[in-house]
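Visitor: kindly generate the corresponding structure for this input.
(2 chains)
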Number of protein chains: 2
Amino acid sequence: MAKEKKVEQITDMEVDFAQWFTDVCKKAELISYSSIKGIFVYRPYGYAIWENIQKILDAEFKKCGVENVYMPMLIPESLLQKEKDHVEGFAPECAWVTMGGSEKLEERYCVRPTSETLFCEHFREVIQSHRDLPKCYNQWCSVLRWEKTSRPFLRHREFLWQEGHTMHATAEEAEAYTQRMLNVYADFCENVLAMKFNGAEATYTIECMMHDRKALQAGTSHYFGDGFAKAFDITFTNKDNQRAYPHQTSWGVSTRLIGGIIMTHGDNSGLVLPPKIAPVQVIVVPVAQHKPGVSEAAQALCDRLNAAGYRAKIDLSDQSLGWKCAEYEMKGVPLRVEMGPRDMENGQCVMVRRDNGEKTFVAVSELEAKAGELLQAVHDGLYARAKKNLEDHIYEAHSLEEAKQLQEQNGGFIKTMWCGDEACELKMKEVAGMSSRCMPFAQEHLDDVCPICGKPAKHSILWGVAY
Amino acid sequence: MAKEKKVEQITDMEVDFAQWFTDVCKKAELISYSSIKGIFVYRPYGYAIWENIQKILDAEFKKCGVENVYMPMLIPESLLQKEKDHVEGFAPECAWVTMGGSEKLEERYCVRPTSETLFCEHFREVIQSHRDLPKCYNQWCSVLRWEKTSRPFLRHREFLWQEGHTMHATAEEAEAYTQRMLNVYADFCENVLAMKFNGAEATYTIECMMHDRKALQAGTSHYFGDGFAKAFDITFTNKDNQRAYPHQTSWGVSTRLIGGIIMTHGDNSGLVLPPKIAPVQVIVVPVAQHKPGVSEAAQALCDRLNAAGYRAKIDLSDQSLGWKCAEYEMKGVPLRVEMGPRDMENGQCVMVRRDNGEKTFVAVSELEAKAGELLQAVHDGLYARAKKNLEDHIYEAHSLEEAKQLQEQNGGFIKTMWCGDEACELKMKEVAGMSSRCMPFAQEHLDDVCPICGKPAKHSILWGVAY
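Guide: Take a look at the predicted model:
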């Protein structure tokens, strides 16, 4: 059958998870390789997912008072060097522009790996008084990081992201804003992407668990203090008429999120897309479309769905029904509507959920309402599964050896106590191959001491193998 | 008075048009200089105009079957060189990446000055059969051109634009699509930006006239034939089962459009924004706001306007009324709504149009309807003025000398016949400082011969001094 043939193009995830992932990215036409190693072409279907993410997140940002800007893509080397830790972190993976036309440049420019320095230079110009604060800026752009290895969506030399940079009069306000933006990301993950995550204190990161039980960092929100303000000499006159340094936050998500969506929801038939960001939410396919009236009846359903605000499409091509079903399953379309001669007679259509294959006969008069219900059911089903996958794969360990064994046997997150020392993090990495993922908001007391060094424990922490 | 003081910051356009333009860009906080010569920061108010342009144009593109993609920002030198004319046109102004991290690259990459070559490389991969055609792709991105001089919006080394690239099975279809996209731009200029233009045959360009009677090219739509397809070896199997080359189009507009908006509609008080792309369409200012109930009454108007779908804002700051009026005039907000104690008593408010200063007393019950009417009136007023400016400044000439004199006296467009030879274009440039702007769709017969060389005339043509 055509259906099976289509799915055969995708390696089973139990056989080779990495190959399954690459197969899905390519066959679903999300992405394509370019002639530069590590840089990808975002194809229409992949880019449309990003557009939907942008649209929803951007509206949320604006509710938080964020204004969009666009900063230069190039950073003079001298500007990058103004903040010491920053340049040390990024310089090794900068791509450098050294020629303009046929002339060698006096100073070389790096293509932005991130734009803190550019924002700070601009903040210095536009912030003078407490009346100029807060400044809550964001930009949607691409950044470049000259890394050695690459994987679709997870690690590109060039990738699309948004980077928020804000300046506040007080540390308290900046900290609260950091937390607020983390909540925006958290709500977005749950309510839009149907992904379950572990939020974190201190590090302010969102860690999701993939099908292969590895962790993926889906978003971060940082409180920077006034370090950059001091390095860039950004000051303002406060209400007491004194010069002061503003406090900064920075927060971002990237097209890595799409990698997370694929690895959280996908299955051996291909992509499974959360309805709210699916480029096509409903695909309408006629059954026995050569029979009189079938195409027209199917078209009418599609038109009604679009008129009701759903993103619906119809496939009237001469491909077989089996091919079409497999194709749109592979592309992760959340809901399929079938309309054939018998359905016409009965005043009904068939709706098939992508997440569990469940079929429902629906009276044509109920079309819009039922489509809405089932799309919500797909979202809820995906979320429940992601939540279960996360909760089922958090294991408690009381020694380094036990942590290592549990990770080897099960993958997932290993929960232990921790003294807070970096040395113990390095030890865990060396012995068990795991990095600290986050310190959950819901702290627990599992032991009195750190299982790595035996000193008094300060926090409960999750360890995992990360993308 | 505070109002006059504000406006004094802007040079009168009759005194120095170029300085007026720069003043408006800076004082209205559209743009800011960066530390790299020729590269600008798009500030929130300027970027918001671009976002509105994007939103409206993107919806129109999608109606034409366009899909958005994102291509790499870097182009390997060997790829850029595949099409001879293309590389000759762009290589002199390419910025080159030669280092990745600390390593010298084997091949240097240019930061895209335009993306034809990248699209062609991708088309080669995804176009195999006539079923794969047409491919109608677009991307929103920034491009880099290492030019010697720069001016806000009109000439940046880095600027934002959209570039559409499409491939079609036949020349006829590609030509029709070129025309279709030109019409999208034309409708957008008239209906959204309130700009009057001269459309053109053959060159497919939209030429608008600025306040200083110079021409600004606001958009282009090109039919490329199959030249790139041949250079990049892009072929498809047509319906007769034979290999064929597809035919290509390319079309784009950039943030230069914002420069056009400023120079078409602005005045000595600053910016004047067409309502459809204005970040703030209505500004509500309370009069005597310390009086009881005034702020609340003004806020209620603002809330109602937003609820009705207008982009409305209120200024409750402690600045004076005069300062506020001048500020939002300078920022080009199309409509100002004033609400004071006497207005409250009378159940009314005052609406002031930005384009002509006209005041209207409006019953509070009519708020939304009247705001809509007046915003439309502002649009129509701006368009009528732009149209008149264009029509009043097209002069007919019958000799090279006359053309030169008319341009020197009046500026604007000079209309003559033309033989079609490039030599005559060069002569006009040399003698009268004008370039050919376009061959209008509405061709006229002014003379039998070309006024430059005396050979038989083929077309009527417009000449002008261009940005």
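
Visitor: tell me the domain ranges of chain A?
Guide: According to automatic domain parsing, chain A comprises the domains A:11-265, A:280-380, A:394-464.

Visitor: so which of the ones you listed comes closest to B:Glu163?
Guide: Set against B:Glu163 and scored by CB to CB, these come closest in domain A:11-265, at 14.3 Å. Bear in mind the C-beta positions are built from the backbone N, C-alpha and C, glycine included.

Visitor: how much space between the residue located most distally from the centre of chain A and A:Lys324?
Guide: Most distant residue from the mean C-alpha position of chain A: A:Pro292, 45.2 Å away (CA atoms, centre = their mean). According to CB to CB, to the nearest Å, A:Pro292 and A:Lys324 sit 20 Å apart.

Visitor: repeat for A:Asp12
Guide: 23 Å.

Visitor: what element comes up after the host helix or strand of A:Cys136 heading to the C-terminus?
Guide: Taking DSSP states H and E as the criterion, A:Cys136 maps to strand A:135-144. Where DSSP H and E defines the elements, the next helix or strand beyond strand A:135-144 is strand A:158-168.

Visitor: how much distance is there from stretch A:251-266 to the middle of the chain?
Guide: 3 Å (CA atoms, centre = their mean, to the nearest Å).

Visitor: in that stretch, what counts as buried?
Guide: A:251-266 (16 or more other CB atoms under 10 Å in any protein chain shown).

Visitor: can you name the residue of the stretch 201-350 of chain A nearest to chain B?
Guide: Nearest residue of the stretch 201-350 of chain A to chain B: A:Ser317, at 8.5 Å (CB to the nearest CB).

Visitor: residues in contact with A:Thr178?
Guide: Neighbour list for A:Thr178: A:204, A:221-223, A:249, A:251 [criterion: CB atoms under 8 Å, 6 or more residues apart in numbering or on different chains].

Visitor: top of these by neighbour count?
Guide: When neighbours are counted by other CB atoms under 10 Å in any protein chain shown, A:Thr249 leads the contacts of A:Thr178 with 27 neighbours.

Visitor: and that one, that one's in a helix?
Guide: No: counting by DSSP: H, G, I helix; E, B strand; the rest coil, one finds A:Thr249 to be strand, located in no helix.

Visitor: which ones are touching it?
Guide: For A:Thr249, the contact set (CB under 8 Å, 6+ apart) comprises A:164-166, A:168, A:174, A:177-178, A:181, A:221-224.

Visitor: now these in CSV, with pLDDT?
Guide: Shown next, in CSV, are the contacts of A:Thr249 (pLDDT from 0 to 100):
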residue, pLDDT
A:Gly164, 97
A:His165, 98
A:Thr166, 98
A:His168, 98
A:Ala174, 96
A:Tyr177, 96
A:Thr178, 94
A:Met181, 95
A:Ser221, 91
A:His222, 90
A:Tyr223, 92
A:Phe224, 90
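
Visitor: just put the residues you listed in CSV and tack on distance to A:Glu425.
Guide: Output for the contacts of A:Thr249, formatted as CSV (distance: CB to CB, whole Å):
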residue, distance to A:Glu425
A:Gly164, 28
A:His165, 28
A:Thr166, 29
A:His168, 30
A:Ala174, 26
A:Tyr177, 28
A:Thr178, 22
A:Met181, 26
A:Ser221, 21
A:His222, 19
A:Tyr223, 21
A:Phe224, 22
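
Visitor: quick one: which of the residues you listed is nearest A:Tyr137?
Guide: Closest approach to A:Tyr137 among those (CB to CB): A:His165, at 5.4 Å.

Visitor: tell me which helix or strand in chain A has the weakest average pLDDT.
Guide: Within chain A, no helix or strand scores below helix A:2-8, which has a mean of 50 by mean pLDDT, DSSP states H and E.

Visitor: ok, and does whatever helix or strand comes next after that helix reach over to chain B?
Guide: As assigned by DSSP H and E, the chain's next helix or strand after helix A:2-8 is helix A:17-27. No: Helix A:17-27 does not reach chain B (CB under 8 Å from any CB of the partner chain); its nearest approach is 11.2 Å.

Visitor: which bits of the stretch 51-200 of chain A sit near chain B?
Guide: Contact residues (CB under 8 Å from any CB) of the stretch 51-200 of chain A with chain B: A:51, A:67-74, A:76, A:79, A:92-102, A:108-109, A:111, A:118, A:121-122, A:125-126, A:137, A:141-142, A:144, A:146, A:158, A:160.

Visitor: quick one: buried ones out of those residues?
Guide: A:51, A:67-74, A:76, A:79, A:93-100, A:108-109, A:111, A:118, A:121-122, A:126, A:137, A:141-142, A:144, A:146, A:158, A:160.

Visitor: now, the residues you listed that are in helices?
Guide: Counting by DSSP state H, the members of these that fall within helices are A:51, A:79, A:118, A:121-122, A:126.

Visitor: and the furthest pair within those residues?
Guide: Spatial extent of these (CB to CB) is set by the pair A:Glu51 and A:Leu79 at 31.5 Å.

Visitor: that's a strand at the residue of the stretch 201-350 of chain A closest to chain B, yeah?
Guide: No: looking at A:Ser317 with three-state DSSP, it is coil, so not inside a strand.

Visitor: burial of it, as a residue count?
Guide: Neighbourhood size, A:Ser317 [other CB under 10 Å]: 12.

Visitor: which ones are touching A:His211?
Guide: A:13, A:17, A:263-264, A:266, A:389.

Visitor: can I get the domains of chain A in a markdown table including distance to B:Trp418?
Guide: Formatted as a markdown table, the domains of chain A follow (distance: least, CB to CB, whole Å):
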| stretch | distance to B:Trp418 |
| --- | --- |
| domain A:11-265 | 33 |
| domain A:280-380 | 49 |
| domain A:394-464 | 71 |
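
Visitor: figure out which of those domains is closest to B:Thr235.
Guide: Among the domains of chain A, if distance is taken as CB to CB, the winner is domain A:11-265, at 18.4 Å.

Visitor: how far is that closest one from where the chain is centred?
Guide: Relative to its chain's centre, domain A:11-265 lies at 11 Å (CA atoms, centre = their mean).

Visitor: now do stretch A:321-334
Guide: 24 Å.

Visitor: that one near chain B anywhere?
Guide: No: in terms of CB under 8 Å from any CB, no part of stretch A:321-334 sits within range of chain B; the closest distance is 13.4 Å.
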